[in-house]
Each structure stands twice: as structure tokens, then as C-alpha cells.
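> Next one to model:
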Amino acid sequence: MGANGLDTCFVEFITSSAEFNDKPRMTLNIWNKSTDSINVSLSGTSGSIDAWDEYYYYGYKYGYQSAFESLGMAGKVTGNTISTVSDMGSAKSVLLVGAYASKVAFTDINGSARSYSGYVARNNIVPFSSRGPMADGRIKPDIAAPGLTLETSVSSFATAYTPTGSSSNQVVHSFMFNGKTYYYGEFIGTSASSPVAAGILGLMLQANPRLTPTQANTIIKQTAIQDNFTGALPAAGNNDWGHGKINAYAAVKAALAANSVQSYTGIKPECSLYPNPNNGLLTVKYKSSKAETLSVSVFNVAGSLVSTFVWNVNKGDNLKQLDLSGVAKGLYTVKVAGSTGYTSIKTLVE
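Numbering: from 1, shown residues only. The predicted model follows:
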């Protein structure tokens, strides 16, 4: 191996007769210190063979630590980026999250401008985002979320993420608390987009704790954003974007609507209550088309009035904090009445 033929190449084969998909499998690991080409030939007695290369972005101009290249040789095949989704996303109840670029430029803590614009344009799917289909033909990913580039907190023990550390070009802010400085840095990857989706799912479950995995999956797909960057997507989604860009606000609203805790009379108002369940401290959100006076009443499960007050709201979004911490634990109904009707929302005080 290598230009002088003196490098040693270590090859490891790991095989299994059948995986969870009932197909045989082999992993080929190759270690060497130099850059070179290895001729790999795969053959079988029947069926087809699929091969995947390890994805590795940092520091390698082709985007891979190694790559399938035909090098112009007869019978050799250059690889592609089809079906790069991983084993972890293969389970049928998994919500597989791709990544798109919500931000491509920032200024680091030392005042230097940083940009990924040469790698991907803003609002587009990111090249490292895995693509489907699965081996059984299922379309993946299910949804795309921001994965480049997101600001997040950094471990206070990560000395690389400081103004003088080796990753200072990713550090953007600092915060001092109790005499100690904490830093915030930019983060990219599906390791960033997946936590975004998980956080949105957490909000959905806060709005509707009875939400099933199937319901949550359906809501996220049905409320996804399609725009000029995703293009018009088929009902089943596609293997780049899934069903589009995740829509936090619409997903949480749909989760709340799926919870059979709210009813209304007259014109349905845009009114919600969170968290639900709660410890007696909760917030009522009301979106009004005009300035008006609302009547808010709280009833216990027996229908007895617990609290009532008048709420003057303005046009647009309005928030009202309710304190029911002094009441007994149990189920309560919050009734919000306006000039065009009223809504009743059940809430559980734990």
C-alpha cells in the first residue's frame, strides 16, 4: 500500500448469516495510513448485493473517508448517495429525521465570519442528510428538521470550545454564572436535526399526553411545510425531504386538537391551554381578531365554580397565567367565553 508500497493494510471481515431483515450481512473494515485504491469484488449465487460506504464529512474533500470509485476500470461501479439511511432508522415505528440548512453563516466569538454557503445554500437539504429508500422500498426520511447550523450549549469541560480552543471557530457566545463562563457553539448534523424533532415531539406530548406513536407520526407528516425548496411533494413523501420541513407550531396545535379535552360553541376560537396535565400553574393562549373582553371560568369535575374573572384581550395573540395550585388535584374545565362563542378545555391538575 502507499506510493512506496511499504504501508501495511489491515482487513477485517465481520459476517452474520441473517439480520433482523432476514438477509445475510458482512462488514468490511480496512485500516491503513496512506491514500490508495483497493479493488473490491462482490458476487453471489442469487439475488442482488448492496454495499454502503461509511459516511465521513470532516476533513475529506469527497465527503467520505473512503469512496466507491470505478476509476474508469471495466466492470467497476462508482457509488451513489441512494439508500444511505442507517440501521437505526429502519424500525417501522421510527420517525427518521433528515437535515436542512436553516442558517449557513455566523460570526464566531472572536469576530470572524464563518460560512457554509459553499457547501449548501440556506433552506436546502444538506448533502450529509441520509436518503432513502430502505432496503424494503419504504420512503425515508419521514421529515426534515434544521441541522445546519444550530447554536447550542457546550459542556463546560470541553476546552476546545473556548475563544482560544481548537474549535474556537464554532464558538459564538458566552455566559457567566456563579463566576464560571459557559460557552455556546454552532452544531451541525442529523445529530442536530433529530433533537429538534424530538423536542417538538415533547411539546406535542405536553399538549396531549395521550398521543400515540402512530398519531404523533401522522401529525408531524401532515403538518409539514412544503415550500419552493422542498418542491411539491407526493402524499407519501420523497427520499430527500420525506414529507417536508417540520412545523412545530402546527404540529403542537394538531396534537392539542387530537386530544378530546376541548369543545366549543359558536365560532371556534383559537384558544389553547398548556401544560396539560400540570401542577396547577398553567397558561391560556387566546388569539383574537379584535380587542374584546372575555369571561374566564374554572369548574371542577362536579361542575362547581372554582374561579372566575374578566380578561381584556387585544387583537392577536394573548397569554394569561392561571394559578390553580391551591385547588385539589383532579380534572377541571376552563371555559373561555367571548362575543362570538365560547370554548371549554379540560385540564388535569396533578
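> any idea how far the residue nearest to residue 167 when sequence neighbours are not counted is from residue 188?
What sits nearest to residue 167 in space, not counting adjacent residues and going by C-beta to C-beta, 6 or more residues apart in numbering, is residue 160, at 4.3 Å. Where C-beta positions appear, they are placed from N, C-alpha and C, glycine not excepted. Distance of residue 160 to residue 188, given as C-beta to C-beta, to the nearest Å: 16 Å.
> Between these two, point out the one with more neighbours.
Legend: neighbour count by other C-beta atoms under 10 Å for residue 160 and residue 188, higher for residue 188 (22 against 14).
> Got the phi and psi for the residue lying closest to the more buried one once chain neighbours are set aside?
Once flanking residues are discounted, residue 188 sits nearest to residue 148: 4.3 Å by C-beta to C-beta, 6+ apart. Dihedral pair for residue 148: phi -160, psi 120, per degrees, to the nearest 10.
> now swap in residue 197 and tell me
phi -60, psi -40.
> and the nearest residue to residue 82 once chain neighbours are set aside, which of the three is it?
Distances taken as C-beta to C-beta, 6+ apart place residue 131 nearest to residue 82, at 6.3 Å, with adjacent residues excluded. Assigned with DSSP: H, G, I helix; E, B strand; the rest coil, residue 131 falls in the coil class.
> Relative to residue 245, how far out is residue 131?
Taken as C-beta to C-beta, the span from residue 131 to residue 245 is 16 Å.
> And for residue 326?
Residue 326 is 43 Å from residue 245, by C-beta to C-beta.
> so residue 200 sits in a helix?
Yes - Residue 200 sits within a helix when classified using three-state DSSP.
> returning to that earlier point: look at the residue nearest to residue 167 and give its secondary structure.
Note that with three-state DSSP, the state of residue 160 is coil.
> Which residues does the least confident helix or strand in the chain by mean pLDDT contact?
Here the helix or strand of the chain ranked lowest by mean pLDDT, DSSP states H and E is strand 262-266, holding a mean of 75. Applying C-beta atoms under 8 Å, 6 or more residues apart in numbering, the contact partners of strand 262-266 are 256, 271, 340, 341, 342, 343, 344, 345, 346.
> Stretch 151-165 now?
Residues from elsewhere that reach stretch 151-165 (C-beta under 8 Å, 6+ apart): 106, 109-110, 166-168, 170-174, 180, 182-187, 192.
> Going through those residues, which ones are buried?
Buried by 16 or more other C-beta atoms under 10 Å: 106, 109, 167-168, 170-172, 183-187, 192, out of those.
> How about residue 225: what's its closest non-neighbour residue?
residue 245 (4.2 Å).
> for stretch 242-261, the distance to its chain's centre please.
With C-alpha atoms, centre = their mean, to the nearest Å as the basis, stretch 242-261 stands 14 Å off its chain's centre.
> how far out from the middle of the chain is the helix or strand encompassing residue 284?
Using DSSP states H and E, the element containing residue 284 is strand 281-288. Remark: strand 281-288 is offset 26 Å from the chain centroid, using C-alpha atoms, centre = their mean.
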